[in-house]
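>>> have a look; sequence and predicted model below, questions after that.
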Amino acid sequence: MMGDLKEAGAEGPPAGAAARGGLSLLSQGESEEPSAQGSALFLGGNEVKSRAVVKYSSAPPRTAFARLEEKTDLKLPPANWLRESAKLGPAGTTILGNSKKSKPFSSFGMAYDFIDSVGNDVDVVSDSENIKKLLKIPYSKSHVSMAVHRIGRTLLLDELDIQELFMRSSQTGDWTWLKEFYQRLIDQKWQRKKKSKEHWYQKAILSKFLYYSINGDGAAQPVPSTAEQQESSSSDQTNDSQGASWPAPFEMPSSVSEDPSASSQGSEPLEPSYIVGHVASAPKEQNLTTLFNDGEHSQGLKNDFVRNILWTFEDIHMLVGSNMPIFGGGRYPAVSLRLRDNNKPINVLTGIDYWLDNLICNVPELVMCFHVNGIVQKYEMIKTEEIPNLENSNFSTKVIKDIAQNILSFLKSNCTKEGHTYWLFKASGSDIVKLYDLTTLCEETEDKYQNPFTMPVAILLYKVACNMMMKKNQNKKHYGTVRTLLLNCLKLLDKSRHPQIIASANYMLSELFQLDEPKKEENSESPLNENSDESYSEEEEEMPDSDENGSYSTSSDPSDDSKAVAIIKSVGELSVPEKYKSIHQIRPSCAFPVCHDTEERCRLVLSYVLEGLKSVDSSIKKESDPPAADPSTPIPLKYEDESTRGGPEGPEKQMALFLDKMGSLQKGNYSSQSGMIPGSWQHKMKLQLILKSSKAYYVLSDAAMSLQKYGRALRYIKLALQSHDTYCCLCTNMLSEVLLFLSQYLTLCGDIQLMLAQNANNRAAHLEEFHYQTKEDQEILHSLHRESSCQGFAWATDLSTDLESQLSVSCKCYEAANEILQFSDLKSQNPEHYVQVLKRMGNIRNEIGVFYMNQAAALQSERVVSKSVSAAEQQLWKKSFSCFEKGIHNFESIEDATNAALLLCNTGRLMRICAQAHCGAGDEFKREFSPEEGLYYNKAIDYYLKALRSLGTRDIHPAVWDSVNWELSTTYFTMATLQQDYAPLSRKAQEQIEKEVSEAMMKSLKYCDVDSVSARQPLCQYRAATIHHRLASMYHSCLRNQVGDEHLRKQHRVLADLHYTKATKLFQLLKDAPCELLRVQLERVAFAEFQMTSQNSNVGKLKTLSGALDIMVRTEHAFQLIQKELVEEFGQPKSGDAAPAADASPSLNREEVMKLLSIFESRLSFLLLQSIKLLSSTKKKTSNNIEEDTVLKTNKHIYSQLLRATANKTATLLERINVIVHLLGQLATAGSAASSSTIQ
């Protein structure tokens, strides 16, 4: 009976729908609560930590209570009873006058208002009445029936009034499954329990007492005796009107009407409410889009508590709603006021009630007014910390703390499935507490959506996820949490009934995957998994430790509790410290999937996008009359609308003109084919989903591109462009970011077309990949086709087999991407992308230019009979030149000197091809170097010099610098060689030609770097040696043919000698040019012979002969190289079965060697003979020269050997060379011996 006594007394603070309007903010002086920062109270001798921070309050500034005179009759109503009071504010009567039970969704109302706290910081959200009821379980025989919902680490507790529920069930037919379950398993003879008259009498005098206390000077006025009954009936009507859709408020007839507050709420404009302490941002303050205002209010999802308090009790954080009246006055700035019957002592339940109320509201003192039969007797002041020690009401605060911790641990350990409705039930008079999963029970019935908690839970899951997504400082460690919230939200919703939330949730799921930053995403995978405190899994089932299993085990009668999730076998267990351990802090790693590659991540995103699109499309089908434009959207749009900055032409017009130019849809045709109204939620949501799909396909395409799967990449970029095309059709306000995306898509498309052009050999595989399509892609495309033809960019994504058209499409893509960047000042906002686009434009124009240049070269090589340049060739030159010119302009505009130099270099090459085309004309025998050739070669030289000027110095790009220098050297060399070999004698004098050749050769030498060590060094050395050889030959030739000017002859002789020497030195550095070295040396010998013919004295002739023979000796090096190659060549067949090669190795021209060898043998023979003749004649005149004797003897001996060797016609090449090497060795030895004897 203790429980009944308690309920008959002051069960709890009055409650009511407090209007939050018509109030002004507190001034600094009057703090709403005495300790907004919280405090640690020492209660009952034991320290129990309690801290309360008021998060919201709609109560007016506190006033002192009026102390009633003794003998005041509380049975008589005061003058102000049930009327609004200025002291109470517009909420008036309901704040103080009503002790109704809380609404079934009161915790959801609070959770919506303080969405920041849900899922993270707070363990419990509930009405203070429910908290008190739970903490009194071990002391009370009363029944307990509560609905429990889990959102992250937060539990929402709401009263589930089974009696009210079943009374409504018999009228509406809902919840019949629960009624049957309840009657079968729990209370087989259930019937409605009615409240006693005593209960209503106590409520009435409490209401009158509180009105007296705020009135003070108001005299008692007689009122009709039927006032209470009238009030009861009006309250009933209110409840029925509010309860059109269950659940509605559960109160029975009470003594206070809610009408006054309802009317005031409707008539007065809403003003700022009292915000005390740290404000948890409410939805509007966060710009969080509220989904269903009407739905929330019709289902009673309002936060109608006078104050919301963040209460920390030991280590438990609770968001509590309280309606307890608090007054000023006394020794403390805040007191609570209670009415007690003097004949009934305070029991433990009442004591716990008062103590917890004061703790939750941080009220340090309690004022007790005692009455006998409604007549006031006396007042008594009690400190909050003294309440646990009152007579007849002793209780341990430590035990209450243990109960709180045990209940929380029990609930957190067992209410593991997010989105499920759990039912905590204790029958009246029973010691057993059971926990059922109503969602699972409901799913066993025909309609799983019969659970009325489904929608509020789903909306809350959605809102919490929304809030977490919107936090700018939110890092990815919470993404697992957000994903789980949304997946659980989707599980609860019926696709046909709630398309808007389903589409929004799927869009948000797709937004969790950062497609733009794959690398960063991968880097953050480890913190995602490590940070397990903040995350949880939808499959999470936290099992208790093995030693606790007994606590949760089923009882002996299986029929009684087989449906229960968990059972507390005795309420006494709750008082045992840490009976149920706090395992709610130990969480598994989050359920956010770790995508190991980009494709997996994008596919996941596209699966969510598809679900969202299906949801939008299905809602369009059903809504024959789509809703008008609504300013609120289901999800926060990622991009804010920007005012058009394009002057008279905004981005939309520019885009429409651009699409029209690209052969796309007609300008202004952006209405939806499916009938979506611009501004409707479907329109906004579909736009976001389509944009997301285009981004995902773009990333997929980029990934395929990096894997060199070009066919697949083209298929994905085609889907991305089709998505974007649909977006352009639907979008009425084009954003610059979206235009930037299109520019990026077209740039990638250009890259893919270029790579396909360069990889033509694998065309079949690329074609197969291009035409393959997944079911998901087909369904997304089907949704796109509902709005648009998707043909806007068909030109860009065709897989052509023609190389020229592929390059052309690639170029057009880059040009389109560049054109888009001119819209809305995108170029200056995205300089990096702009530079990339121009680089690619320059590159593709270079590719096309090279393509046309190669075609022209091919035509030229085929042209044998025709003597003049064909029109086709000239057309190709023009095309090629135009491409190069545009490309150079692209690179110069972004100051890319290196690439500009390369294109100038290619233009130079084109000019050389033009020159070569003109050289073919005319008869080969009469051929002369034409003026056209000279013109084009000079143009080529100009372009190469421009390239060098563009680079500036070698440091900028050594490789390109060296390459341009080489090409320039080659051009000068080619021009000089052609002028030398095909001298234009019909137009120019010999001397002028020689001068031009000499200048060109020297310029070629200038740009030929023989000193730098590089892969090209041997080539440079060979080129320089050849130039010196040619110049020496030219001067040698001039000397032979020239008569007259002795000064000029002497100059030519010196130059010829100089260049021969230099040529020899350079050829000697090369290992693979023995023939060239041999030829130079033979020419030098011939030059010496020519000089000897003009000499008269024998001494002079001997000196020249000696010099010539010395040159002959130095050719030994060349013969040794030839000898080595021949030995290697003859040695090869021995190791294999192959027959001896008929001709020499590629590096050795045998015919040339034979020819040179024959000349060498004849010249050596001639020189030796001349030497012998001259030495013999000198010997006759002077017989005392020992040196000359030795030389003569040696020369005779060598000459005789040479004659015998040359006479042998059967000797092989190698044998002949061996003889020469041997003879030269003897000559060298004799020469050195002679010179040493001279020195002695």
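Happy to help now that I have it.
>>> so Lys426 versus Leu1070, what's the distance?
Distance check for Lys426 against Leu1070: by Cβ to Cβ, to the nearest Å, it reads 104 Å. In short, each C-beta sits where N, CA and C put it, glycine included.
>>> same question, Trp355
106 Å.
>>> please say which of Lys426 and Leu1070 ends up with more neighbours.
Taking neighbours as other Cβ atoms under 10 Å, Lys426 and Leu1070 compare with Lys426 leading, 22 against 16.
>>> next, give phi and psi for the closest residue to that one other than its chain neighbours.
The shortest distance from Lys426 to any residue other than its chain neighbours is 4.2 Å, reached at Val144 (Cβ to Cβ, 6 or more residues apart in numbering). Per-residue torsions, Val144: phi -130, psi 130 (degrees, to the nearest 10).
>>> do I have it right that Val144 meets Phe425?
Yes: counting by Cβ atoms under 8 Å, Val144 touches Phe425, with 6.8 Å between them.
>>> what sits in contact with each of the two?
Val433 (Cβ atoms under 8 Å, 6 or more residues apart in numbering).
>>> re the thing from before, per-residue pLDDT of the residue nearest to Lys426, please?
Looking at Val144, its pLDDT reads 89.
>>> cool, and the one 10 residues further on?
At Thr154 the predicted local distance difference test score is 89.
>>> and Asp158, that's in a helix?
No: counting by DSSP: H, G, I helix; E, B strand; the rest coil, Asp158 is not part of a helix but strand.
>>> state the distance from Lys886 to Lys879.
From Lys886 to Lys879 the distance is 11 Å (Cβ to Cβ).
>>> whoops, I mixed them up, Leu951
27 Å.
>>> okay, those two: which has more neighbours?
Leu951 (22 against 17).
>>> identify the residues contacting the more buried one.
Leu951 touches 897-898, 901, 957, 960-961, 964, counting by Cβ under 8 Å, 6+ apart.
>>> leaving out chain neighbours, which residue sits closest to it?
Ala901 (4.9 Å).
>>> any chance of the backbone angles for the one you found?
Per degrees, to the nearest 10, the backbone of Ala901 is at phi -60, psi -40.
>>> tally of neighbours for it?
If you count neighbours by other Cβ under 10 Å, Ala901 ends up with 27.
>>> same check on Gln855?
Gln855 has 17 neighbouring residues, counting by other Cβ under 10 Å.
>>> does it belong to a helix, a strand or coil?
helix.
>>> that one reaches Ser870, doesn't it?
No: in this structure, Gln855 is not within contact of Ser870 by Cβ under 8 Å, at 11.9 Å.
>>> which residues touch the residue nearest to Lys426?
Counted by Cβ under 8 Å, 6+ apart, Val144 has contacts 133-134, 137, 424-426, 433.
>>> quick one: pLDDT of Asp547?
pLDDT at Asp547 comes out at 37.
>>> no wait, Gln1017
84.
>>> isn't it right up against Arg1023?
No: assessed by Cβ under 8 Å, Gln1017 is found out of contact with Arg1023, at 10.6 Å.
>>> tell me how far Met469 lies from Leu485.
In this view, Met469 and Leu485 are 10 Å apart by Cβ to Cβ.
>>> okay, these two: which has more neighbours?
Shown here are Met469 and Leu485; by other Cβ under 10 Å, Leu485 has more neighbours (32 against 19).
>>> tell me the contacts of that one?
119, 151-152, 418, 461-462, 464-465, 468.
>>> just the residues you listed: which are in helices?
Judged by DSSP state H, the subset of the contacts of Leu485 located in helices is 461-462, 464-465, 468.
>>> so which of those is the closest to Ser828?
Met468 (35.2 Å; Cβ to Cβ).
>>> what is the neighbour count of that closest one?
With other Cβ under 10 Å as criterion, Met468 counts 22.
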